[in-house]
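1. give me the fold of what follows.
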Amino acid sequence: MAAAAAGAAISAVWVARATTHARRAAEEASDQAVARFEELRRGLVTTVSHELRTPLTLIQGLVDTLAARWNMLSEGERMDLVDDLAVNVASLDASVLHFIDAARLARGEVEVEQEWIELAPVVARVRSKLESALGGRNVQVGLTAERAWGDPEAVARIIELLLANAARFSPLGTGITVASRQQPGTTIISVTDQGQGIAQKHLAQLFEPFWRADVAETGVSRGAGLGLFIVKELAERHGGTIRVTSTQGRGSTFSVELPDP
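-> Numbering: from 1, shown residues only. Sure, this is the predicted structure:
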(Lines give C-alpha, C1' and ligand atoms only; values in the text may rest on other atoms or scores of the structure.)
Protein backbone atom coordinates (compact mmCIF):
# COMPACT_ATOMS: atom_id res chain seq x y z
CA MET A 1 0.00 0.00 0.00
CA ALA A 2 2.73 2.47 1.03
CA ALA A 3 4.88 1.49 -1.94
CA ALA A 4 1.97 2.00 -4.35
CA ALA A 5 1.14 5.37 -2.82
CA ALA A 6 4.78 6.41 -3.00
CA GLY A 7 5.00 5.34 -6.62
CA ALA A 8 1.89 7.28 -7.58
CA ALA A 9 3.09 10.32 -5.66
CA ILE A 10 6.54 10.24 -7.21
CA SER A 11 5.02 9.89 -10.68
CA ALA A 12 2.75 12.87 -10.11
CA VAL A 13 5.60 15.06 -8.90
CA TRP A 14 7.75 13.99 -11.82
CA VAL A 15 4.97 14.61 -14.36
CA ALA A 16 4.26 18.06 -12.93
CA ARG A 17 7.92 19.05 -12.89
CA ALA A 18 8.64 17.45 -16.25
CA THR A 19 5.67 19.15 -17.92
CA THR A 20 6.70 22.55 -16.59
CA HIS A 21 10.29 22.25 -17.69
CA ALA A 22 9.43 20.60 -21.00
CA ARG A 23 7.15 23.52 -21.78
CA ARG A 24 9.86 25.98 -20.84
CA ALA A 25 12.36 24.06 -22.93
CA ALA A 26 10.03 24.19 -25.93
CA GLU A 27 9.35 27.89 -25.45
CA GLU A 28 12.98 28.79 -25.05
CA ALA A 29 14.10 26.26 -27.68
CA SER A 30 17.59 26.34 -26.23
CA ASP A 31 20.19 23.73 -25.47
CA GLN A 32 20.49 25.18 -21.97
CA ALA A 33 16.81 24.56 -21.19
CA VAL A 34 17.00 20.99 -22.49
CA ALA A 35 20.13 20.36 -20.41
CA ARG A 36 18.37 21.70 -17.31
CA PHE A 37 15.41 19.40 -17.96
CA GLU A 38 17.74 16.39 -18.20
CA GLU A 39 19.56 17.47 -15.04
CA LEU A 40 16.26 17.56 -13.14
CA ARG A 41 15.32 14.12 -14.43
CA ARG A 42 18.61 12.62 -13.28
CA GLY A 43 18.34 14.40 -9.94
CA LEU A 44 14.86 12.99 -9.34
CA VAL A 45 15.92 9.43 -10.14
CA THR A 46 18.93 9.72 -7.82
CA THR A 47 16.87 11.23 -5.02
CA VAL A 48 14.10 8.64 -5.20
CA SER A 49 16.58 5.78 -5.39
CA HIS A 50 18.47 7.00 -2.35
CA GLU A 51 15.60 8.14 -0.15
CA LEU A 52 13.49 5.00 -0.60
CA ARG A 53 16.08 2.34 -1.28
CA THR A 54 18.51 3.19 1.54
CA PRO A 55 16.11 2.71 4.47
CA LEU A 56 14.58 -0.35 2.77
CA THR A 57 18.03 -1.94 2.49
CA LEU A 58 18.79 -1.20 6.14
CA ILE A 59 15.40 -2.54 7.25
CA GLN A 60 15.94 -5.75 5.29
CA GLY A 61 19.37 -6.20 6.87
CA LEU A 62 18.03 -5.71 10.39
CA VAL A 63 15.14 -8.11 9.80
CA ASP A 64 17.53 -10.72 8.41
CA THR A 65 19.80 -10.34 11.45
CA LEU A 66 16.92 -10.75 13.88
CA ALA A 67 15.58 -13.79 12.03
CA ALA A 68 18.95 -15.52 11.74
CA ARG A 69 20.32 -14.76 15.20
CA TRP A 70 17.24 -14.41 17.41
CA ASN A 71 18.23 -17.18 19.82
CA MET A 72 21.84 -15.98 19.97
CA LEU A 73 21.00 -12.39 20.83
CA SER A 74 20.41 -11.07 24.32
CA GLU A 75 17.19 -9.23 25.13
CA GLY A 76 19.10 -5.94 25.08
CA GLU A 77 20.64 -6.68 21.69
CA ARG A 78 17.23 -7.54 20.27
CA MET A 79 15.77 -4.29 21.55
CA ASP A 80 18.66 -2.30 20.05
CA LEU A 81 17.96 -3.87 16.65
CA VAL A 82 14.23 -3.22 17.02
CA ASP A 83 15.00 0.43 17.86
CA ASP A 84 17.13 0.66 14.72
CA LEU A 85 14.25 -0.83 12.75
CA ALA A 86 11.87 1.78 14.13
CA VAL A 87 14.22 4.62 13.17
CA ASN A 88 14.55 3.39 9.59
CA VAL A 89 10.81 2.71 9.23
CA ALA A 90 10.18 6.28 10.43
CA SER A 91 12.69 7.58 7.89
CA LEU A 92 11.00 5.67 5.09
CA ASP A 93 7.56 6.81 6.22
CA ALA A 94 8.72 10.46 6.27
CA SER A 95 10.14 10.17 2.74
CA VAL A 96 6.94 8.63 1.39
CA LEU A 97 4.85 11.34 3.10
CA HIS A 98 7.05 14.03 1.56
CA PHE A 99 6.50 12.60 -1.92
CA ILE A 100 2.75 12.31 -1.35
CA ASP A 101 2.46 15.88 -0.02
CA ALA A 102 4.52 17.28 -2.90
CA ALA A 103 2.44 15.35 -5.44
CA ARG A 104 -0.85 16.61 -4.01
CA LEU A 105 0.46 20.17 -4.08
CA ALA A 106 1.70 19.76 -7.65
CA ARG A 107 -1.73 18.48 -8.71
CA GLY A 108 -3.51 21.35 -6.97
CA GLU A 109 -5.33 19.01 -4.60
CA VAL A 110 -4.52 20.86 -1.36
CA GLU A 111 -7.09 23.35 -0.14
CA VAL A 112 -6.72 25.31 3.07
CA GLU A 113 -9.63 26.06 5.38
CA GLN A 114 -8.52 28.94 7.55
CA GLU A 115 -9.51 29.78 11.09
CA TRP A 116 -7.86 31.29 14.14
CA ILE A 117 -5.37 28.75 15.52
CA GLU A 118 -3.89 28.71 19.01
CA LEU A 119 -0.20 28.18 18.31
CA ALA A 120 1.00 26.82 21.66
CA PRO A 121 -0.82 23.45 21.47
CA VAL A 122 0.20 23.05 17.81
CA VAL A 123 3.88 23.57 18.65
CA ALA A 124 3.63 21.23 21.65
CA ARG A 125 2.08 18.49 19.48
CA VAL A 126 4.77 18.86 16.81
CA ARG A 127 7.57 18.77 19.41
CA SER A 128 6.16 15.57 20.84
CA LYS A 129 5.94 14.01 17.38
CA LEU A 130 9.57 14.94 16.60
CA GLU A 131 10.92 14.03 20.02
CA SER A 132 13.35 11.46 18.64
CA ALA A 133 14.63 13.70 15.83
CA LEU A 134 15.04 16.66 18.21
CA GLY A 135 16.84 14.64 20.88
CA GLY A 136 19.99 16.33 22.17
CA ARG A 137 18.90 19.77 21.01
CA ASN A 138 17.55 22.50 23.24
CA VAL A 139 14.24 23.67 21.78
CA GLN A 140 13.04 27.04 23.05
CA VAL A 141 9.53 28.35 22.34
CA GLY A 142 8.68 32.05 22.38
CA LEU A 143 5.20 32.76 21.04
CA THR A 144 4.63 36.49 21.26
CA ALA A 145 1.70 36.09 18.87
CA GLU A 146 -0.59 33.50 20.43
CA ARG A 147 -2.74 32.92 17.33
CA ALA A 148 -2.44 32.73 13.57
CA TRP A 149 -5.02 32.69 10.77
CA GLY A 150 -4.56 29.43 8.90
CA ASP A 151 -5.50 25.84 8.26
CA PRO A 152 -4.71 23.88 11.46
CA GLU A 153 -3.22 20.83 9.74
CA ALA A 154 -1.29 22.88 7.19
CA VAL A 155 0.21 25.16 9.83
CA ALA A 156 1.17 22.15 11.94
CA ARG A 157 2.85 20.62 8.87
CA ILE A 158 4.75 23.87 8.21
CA ILE A 159 6.10 23.95 11.78
CA GLU A 160 6.91 20.23 11.67
CA LEU A 161 8.90 20.51 8.45
CA LEU A 162 10.81 23.59 9.62
CA LEU A 163 11.65 21.96 12.96
CA ALA A 164 12.74 18.73 11.30
CA ASN A 165 14.91 20.71 8.89
CA ALA A 166 16.50 22.62 11.77
CA ALA A 167 17.24 19.37 13.61
CA ARG A 168 18.75 17.78 10.50
CA PHE A 169 21.33 20.55 10.14
CA SER A 170 21.98 21.35 13.81
CA PRO A 171 24.69 19.62 15.86
CA LEU A 172 23.67 17.90 19.06
CA GLY A 173 23.73 20.25 22.03
CA THR A 174 22.80 23.34 20.03
CA GLY A 175 19.60 25.32 20.34
CA ILE A 176 16.54 25.67 18.14
CA THR A 177 14.00 28.44 18.68
CA VAL A 178 10.37 28.41 17.57
CA ALA A 179 8.89 31.90 17.75
CA SER A 180 5.90 33.91 16.60
CA ARG A 181 5.25 37.62 16.43
CA GLN A 182 2.56 39.90 15.16
CA GLN A 183 3.07 42.59 12.55
CA PRO A 184 0.34 44.77 11.04
CA GLY A 185 -1.89 42.43 9.08
CA THR A 186 0.19 39.28 9.49
CA THR A 187 1.50 36.68 11.92
CA ILE A 188 5.10 35.55 11.49
CA ILE A 189 6.15 32.07 12.62
CA SER A 190 9.89 31.46 12.63
CA VAL A 191 12.30 28.62 13.37
CA THR A 192 15.94 29.48 14.10
CA ASP A 193 18.79 26.99 14.35
CA GLN A 194 22.49 27.18 15.23
CA GLY A 195 23.59 24.87 12.44
CA GLN A 196 26.03 25.14 9.57
CA GLY A 197 24.15 27.90 7.78
CA ILE A 198 23.63 28.29 4.04
CA ALA A 199 25.82 30.08 1.52
CA GLN A 200 24.20 33.20 0.06
CA LYS A 201 24.60 31.83 -3.45
CA HIS A 202 22.27 28.92 -2.59
CA LEU A 203 19.45 30.84 -0.89
CA ALA A 204 17.47 31.32 -4.09
CA GLN A 205 17.43 27.54 -4.72
CA LEU A 206 16.36 26.45 -1.26
CA PHE A 207 12.68 26.12 -2.09
CA GLU A 208 13.08 24.22 -5.35
CA PRO A 209 11.93 20.58 -5.19
CA PHE A 210 14.70 17.99 -4.91
CA TRP A 211 17.39 20.61 -4.25
CA ARG A 212 19.37 20.04 -1.06
CA ALA A 213 21.82 22.46 0.51
CA ASP A 214 23.79 19.62 2.09
CA VAL A 215 24.48 18.06 -1.31
CA ALA A 216 25.53 21.39 -2.80
CA GLU A 217 27.82 22.18 0.14
CA THR A 218 29.24 18.83 1.19
CA GLY A 219 28.14 16.20 -1.30
CA VAL A 220 26.35 14.38 1.54
CA SER A 221 22.72 13.49 0.86
CA ARG A 222 20.22 13.86 3.69
CA GLY A 223 16.52 14.12 2.93
CA ALA A 224 14.56 14.21 -0.28
CA GLY A 225 14.85 17.95 -0.80
CA LEU A 226 11.07 18.41 -0.61
CA GLY A 227 10.45 19.77 2.89
CA LEU A 228 11.10 23.45 2.19
CA PHE A 229 9.30 23.20 -1.15
CA ILE A 230 6.21 21.91 0.71
CA VAL A 231 6.49 24.71 3.30
CA LYS A 232 6.66 27.33 0.55
CA GLU A 233 3.65 25.87 -1.28
CA LEU A 234 1.56 25.68 1.92
CA ALA A 235 2.50 29.25 2.89
CA GLU A 236 1.49 30.53 -0.55
CA ARG A 237 -1.87 28.75 -0.34
CA HIS A 238 -2.50 30.89 2.74
CA GLY A 239 -1.63 33.98 0.72
CA GLY A 240 1.64 34.14 2.64
CA THR A 241 5.35 33.84 2.02
CA ILE A 242 8.47 32.21 3.44
CA ARG A 243 11.79 33.98 3.91
CA VAL A 244 15.21 32.84 5.07
CA THR A 245 18.20 34.59 6.58
CA SER A 246 21.39 32.64 7.11
CA THR A 247 25.01 33.08 8.14
CA GLN A 248 27.46 30.29 7.43
CA GLY A 249 28.78 28.79 10.63
CA ARG A 250 26.10 30.48 12.76
CA GLY A 251 22.75 29.13 11.60
CA SER A 252 19.56 30.03 9.76
CA THR A 253 16.13 31.49 10.42
CA PHE A 254 13.11 30.49 8.33
CA SER A 255 10.11 32.80 8.70
CA VAL A 256 6.60 32.11 7.39
CA GLU A 257 4.21 35.05 7.11
CA LEU A 258 0.50 34.20 7.40
CA PRO A 259 -1.80 37.15 6.57
CA ASP A 260 -4.68 37.97 8.92
CA PRO A 261 -8.23 37.76 7.53
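2. quick one, what contacts the spatially most central residue of the chain?
-> Nearest to the mean C-alpha position of the chain, by Cα atoms, centre = their mean, lies Gly227 at 2.3 Å. Contacts for Gly227 were tallied using Cβ atoms under 8 Å, 6 or more residues apart in numbering; they are His98, Leu161, Ala164, Asn165. For the C-beta atoms, the positions are set from N, CA and C on the backbone; glycine is no exception.
3. could you do Glu131 as well?
-> By Cβ under 8 Å, 6+ apart, Glu131 has no neighbours at all.
4. that one and Leu162, how far apart?
-> As for Glu131, its distance to Leu162 is 16 Å (criterion: Cβ to Cβ, to the nearest Å).
5. cool, Gly240 as well?
-> 13 Å.
6. which stretches of this structure have low pLDDT?
-> Applying pLDDT under 70 to the chain picks out residues 1-51, 210-225.
7. and the helices in it?
-> For the chain, the helices defined by DSSP state H occupy 2-28, 31-69, 75-106, 119-129, 131-134, 152-168, 213-218, 227-237.
8. rewinding a little: what touches both of Gly240 and Leu162?
-> Val256.
9. between those two, which has more neighbouring residues?
-> With neighbours defined as other Cβ atoms under 10 Å, Gly240 and Leu162 compare such that Leu162 has more, 26 against 21.
10. who does the nearest residue to that one once chain neighbours are set aside bridge with?
-> Nearest residue to Leu162 in three dimensions, chain neighbours excluded: Val191, at 4.0 Å (Cβ to Cβ, 6 or more residues apart in numbering). Beta-bridge partners for Val191, by DSSP bridges, are Val178, Phe254.
11. list the contacts of Val191.
-> So Val191 contacts Ile159, Leu162, Leu163, Asn165, Ala166, Ile176, Thr177, Val178, Ala179, Thr253, Phe254 (Cβ under 8 Å, 6+ apart).
12. which two among those residues are spaced furthest apart?
-> With Cβ to Cβ as the measure, no two of the contacts of Val191 lie farther apart than Asn165 and Ala179, at 15.6 Å.
13. ok, Arg125 to Gly251 distance?
-> In terms of Cβ to Cβ, Arg125 sits 25 Å off from Gly251.
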